[in-house]
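Undergrad: Build me a model:
(one chain, ligands or ions: 1)
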Amino acid sequence: MKKKKEIAIIGAGPSGLSMALFLNELGYNPILFDRKNIISKYSKALGVNPRTLELMKPFGLTTKFLKNGRRMTAINLWKGDQHIYKNDFSKVNSEFPFMLIQPQKESEEILLEEIQSRGIQVEYDSEFVKYTKVDSKYAITLKDKNQFSKNFDFLIGADGGHSQIRKQTNIRYKGYRYDEAWELFDIELEMNVNSEEGHIRLFPDGGMIMIRLHENIWRIAGNLNSILNYLPKKSVIGKIHWESKFRINHKVAQNLVKENIVLIGDAAHLHSPVGARGMNLGIEDAFISSKLINEDRIDEYTGIRKPYLESTVKRINNITMGMAGNSTISKIIRSQIGNMKPIFPIVMPRVRNFVLGIDK
Ligand SMILES: Cc1cc2nc3c(=O)[nH]c(=O)nc-3n(C[C@H](O)[C@H](O)[C@H](O)COP(=O)(O)OP(=O)(O)OC[C@H]3O[C@@H](n4cnc5c(N)ncnc54)[C@H](O)[C@@H]3O)c2cc1C
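TA: Numbers count the residues shown, from 1 in each chain. You can find the predicted model right below:
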């Protein structure tokens, strides 16, 4: 085990847990700190994309993910109840030609089990408050506790969209937030649609996504008021497992590194869940930044990663606005989607590769 670099990871969500795994593989023994006391029960991210499955494969995690999740092989586009197009994932050039549907809680549980089996320390109930520079190292202060006993060469900010680390470094989080609230349900449903595939339904007022989680529980999300009224005809509604509202932010941190403080995951970028990229991008950040730390090249991280993050957030915004935007152009796209079939063979494979994370 390399002793040279002591590393603290603030935040044990999917980005922080992956960072711990990748660093450990490179010979480091990082410590994770998280303010929560247990993995969140909410299933935010559902889609584990082929890129993440490729990254996790050498560690044996892909086998565990594939055993646990279910394979979604296509996304269908609907204009109301009229079927328009099936974007078939089996046509992509990947070892994993599907989106693996696995609730975020389960992805985190598998990652946590792996890193704990490697002896990595995870300090729960440990809210990071601030860091202080001591010589060339960082001391960290935790809420309601003394300063942590050890000082660190690197701090990893994997502490989510409201990152305290990012705030203390004064790194600007540039972007905007849409005021409109999106509705979300994880709900038991009987519906007359292919439950192995996902569905995007477009309406004049906005759009919705329908993806089956497991058994007869579906994730329904979108910007339609009283969204359950927009389900396919004759749908039978059962128990609600989770109901929430959220607002969409599109933001990218203007620097991903300051000295030896590194931002990854939602601490570095936020965007709509359309496209299923958030968690997957955070895992990619962890992969790239862990290698750069190991190679003493972390000062190159912003230059390498930020242009891709910015273009990705921009594309997610375009897809989200096409599906759900209130502008005249968004409404025209939705109303005319049936007439756009001639351009689908050009556009849809690119959308498919983007969503599956194999665009780069
Ligand atoms: C409805 C919805 C659906 C989504 N669907 C997808 C999808 O299908 N695919 C996808 O890739 N992404 C999806 N996402 C996005 C995904 O959930 C996030 O991108 C992902 O959780 C980011 O992981 P993270 O580890 O960077 O941050 P988080 O998951 O936010 O984890 C941050 C961790 O830091 C801890 N923390 C925060 N502050 C402190 C502090 N001061 N001290 C100590 N600990 C702290 C928190 O307790 C938390 O555990 C979705 C999001 C939503 C809301």
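Undergrad: How about the contacts made by the residue of the stretch 1-150 of the chain found nearest the ligand?
TA: Each residue of the stretch 1-150 of the chain has a distance to the ligand, by C-beta to the nearest ligand atom, and the smallest belongs to G13, at 2.2 Å. Quick note: C-beta positions are derived from backbone N, CA and C, even for glycine. Applying C-beta atoms under 8 Å, 6 or more residues apart in numbering, one finds that G13 lies in contact with 34, 108, 158, 160, 265-266, 282.
Undergrad: of those residues, closest to L55?
TA: Comparing the contacts of G13 against L55 with C-beta to C-beta picks out G282 as the nearest, at 11.5 Å.
Undergrad: Touching, V92 and V355? I think so.
TA: No: with contact taken as C-beta atoms under 8 Å, V92 and V355 are classed as non-touching, separated by 9.8 Å.
Undergrad: okay, those two: which has more neighbours?
TA: Here V92 and V355 are compared on neighbour count by other C-beta atoms under 10 Å; more neighbours surround V355, at 25 against 16.
Undergrad: ok, and the closest non-adjacent residue to that one?
TA: The shortest distance from V355 to any non-neighbouring residue, by C-beta to C-beta, 6 or more residues apart in numbering, is to G275 (5.3 Å).
Undergrad: Any idea how many residues pack against that neighbour?
TA: Residues lying near G275 (other C-beta under 10 Å) number 25.
Undergrad: got the phi/psi numbers for it?
TA: Summarising the backbone geometry of G275 under the convention degrees, to the nearest 10, its torsions are phi 110, psi -10.
Undergrad: mind listing the strands for the stretch 201-350 of the chain?
TA: With strands called from DSSP state E, counting those that start in this stretch, the stretch 201-350 of the chain shows them at 206-214, 217-222, 236-253, 257-258, 261-263, 269-270.
Undergrad: show me where pLDDT drops low in the stretch 101-250 of the chain?
TA: Low-confidence regions of the stretch 101-250 of the chain, defined by pLDDT under 70, are absent; no residue qualifies.
Undergrad: Run the contact check for stretch 295-312 versus the ligand.
TA: No: contact between stretch 295-312 and the ligand, assessed by C-beta under 6 Å from any ligand atom, is absent, since the two come no nearer than 11.4 Å.
Undergrad: Sorry, slip of the keys, the one I care about is stretch 91-100.
TA: No: Stretch 91-100 does not reach the ligand (C-beta under 6 Å from any ligand atom); its nearest approach is 8.2 Å.
Undergrad: any idea how far the residue of the stretch 1-150 of the chain closest to the ligand lies from L23?
TA: Note on G13: its distance to L23, by C-beta to C-beta, to the nearest Å, is 16 Å.
Undergrad: thought the residue nearest to V355 was touching I316?
TA: Yes: with the criterion set as C-beta under 8 Å, G275 and I316 qualify as a contacting pair; they are 4.7 Å apart.
Undergrad: Tell me which residues are up against stretch 191-204.
TA: Residues external to stretch 191-204 that are found in contact with it (C-beta under 8 Å, 6+ apart): 70-80, 86, 99, 207-212, 216, 218, 222, 224, 230-236, 323, 331, 334-335, 337.
Undergrad: Any residues of the stretch 251-360 of the chain in contact with the ligand? List them.
TA: Within the stretch 251-360 of the chain, the residues that sit near the ligand (C-beta under 6 Å from any ligand atom) are 265-266, 273, 276-280, 282.
Undergrad: ok, of the residues you listed, which one's closest to E310?
TA: R277 (13.1 Å).
Undergrad: Now for that closest one: which residues touch it?
TA: With the criterion set at C-beta under 8 Å, 6+ apart, R277 makes contact with 49, 271, 312, 316, 355, 357.
Undergrad: so the fifth one makes contact with N280?
TA: Translated: V355. No: the criterion here is C-beta under 8 Å, and V355 misses it with N280 at 9.8 Å.
Undergrad: who touches both of these two?
TA: Between them, V355 and N280 have 47, 49 as joint contacts when contacts are counted by C-beta under 8 Å, 6+ apart.
Undergrad: was I right about T312 contacting L281?
TA: Yes: taking contacts as C-beta under 8 Å, T312 lies within contact range of L281: 6.7 Å.
Undergrad: Overlap of the contact sets of the two?
TA: Residues within reach of T312 and of L281 at once, by C-beta under 8 Å, 6+ apart, are H269.
Undergrad: higher neighbour count, the two?
TA: Taking T312 and L281 together and counting by other C-beta under 10 Å, L281 has the greater number of neighbours (28 against 21).
Undergrad: In this model A267 seems to touch the more buried one, though I could be wrong.
TA: No: with contact taken as C-beta under 8 Å, L281 and A267 are classed as non-touching, separated by 11.6 Å.
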